[in-house]
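Q: Sequence first, then the predicted structure:
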Amino acid sequence: QVQLVESGGGLVQAGGSLRLSCAASGRTFSDYAMGWFRQAPGKEREFVAHIIWNGATTYYADSVKGRFTISRDNAKNTVYLQMNSLKPEDTAVYYCAAGRRRYGVVTGSSGDFGSWGQGIQVTVSP
């Protein structure tokens with residue numbers, strides 16, 4: 001089992017930027033895909049982005065494409081989400097997630113991810 005701890009959230013004005021970090025421990029981080037999801041008040045959790053185990057491929061939700069960038073540093077057991085041009089509709093609790101299978105393929109489905117962080121609040125003011 002892997003433990004995931006998010007950091008870097010907070011309050012920012014529309015048009016601003018934040019970088020979320022997710023530190024992993026408990027298994028070989030570099031062997032697993034990682035993802036970010038978010039959940040806004042009153043809404044279901046939704047996919048934001050994912051990155052495969054070696055960082056060679058990334059995938060984004062249409063709502064964040066061109067504004068958010070997911071990356072990973074396997075030497076630091078950390079995955080990042082750089083969020084630029086933030087909008088009020090990006091306000092949500094953001095969750096880091098780890099893929100279920102070693103070297104496995106993931107999609108935007110939360111079922112592909114077996115471990116989750118506790119979540120971190122991101123609030124974008126108008």
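A: It's in.
Q: C-alpha from now on. contacts and neighbour counts both.
A: OK.
Q: Distance of the residue most central in space within the chain relative to residue 29?
A: Within the chain, the residue whose C-alpha comes closest to the C-alpha centroid is residue 36; the distance, by CA atoms, centre = their mean, is 2.2 Å. Per CA to CA, to the nearest Å, residue 36 is found 15 Å from residue 29.
Q: one step back: share the number of residues neighbouring the residue nearest to the residue nearest to the centre of the chain when sequence neighbours are not counted, please.
A: Taking CA to CA, 6 or more residues apart in numbering, and ignoring the residues beside it in sequence, residue 36 has residue 96 as its nearest neighbour in space, at 4.7 Å. Using other CA atoms under 10 Å, residue 96 has 31 neighbouring residues.
Q: contacts for the one helix or strand residue 96 maps to?
A: When elements are assigned from DSSP states H and E, residue 96 belongs to strand 92-99. Contacting residues not belonging to strand 92-99 are listed as 2, 4-6, 22, 32-41, 106, 112-123 [CA atoms under 8 Å, 6 or more residues apart in numbering].
Q: try 7 Å this time
A: Residues outside strand 92-99 that contact it (CA atoms under 7 Å, 6 or more residues apart in numbering): 4, 6, 22, 32-41, 106, 112-123.
Q: next structured bit after it?
A: Scanning forward in sequence from strand 92-99, with DSSP H and E defining helices and strands, the next element found is strand 113-116.
Q: Report the buried residues of that next one.
A: Within strand 113-116, the residues that qualify as buried by neighbour count (16 or more other CA atoms under 10 Å) are 113, 115-116.
Q: go on, stretch 112-126?
A: Buried positions in stretch 112-126, judged by neighbour count with 16+ other CA under 10 Å: 112-113, 115-117, 119-125.
Q: quick one: which two of the residues you listed are the most distant?
A: Considering CA to CA, no two members of the buried residues of stretch 112-126 lie farther apart than 112 and 125, which are separated by 32.1 Å.
Q: What strands flank the strand holding residue 96, and is each parallel or antiparallel?
A: The sheet places strand 92-99 alongside strand 34-39 (antiparallel), strand 113-116 (antiparallel), strand 120-125 (antiparallel), with pairing taken from DSSP bridges.
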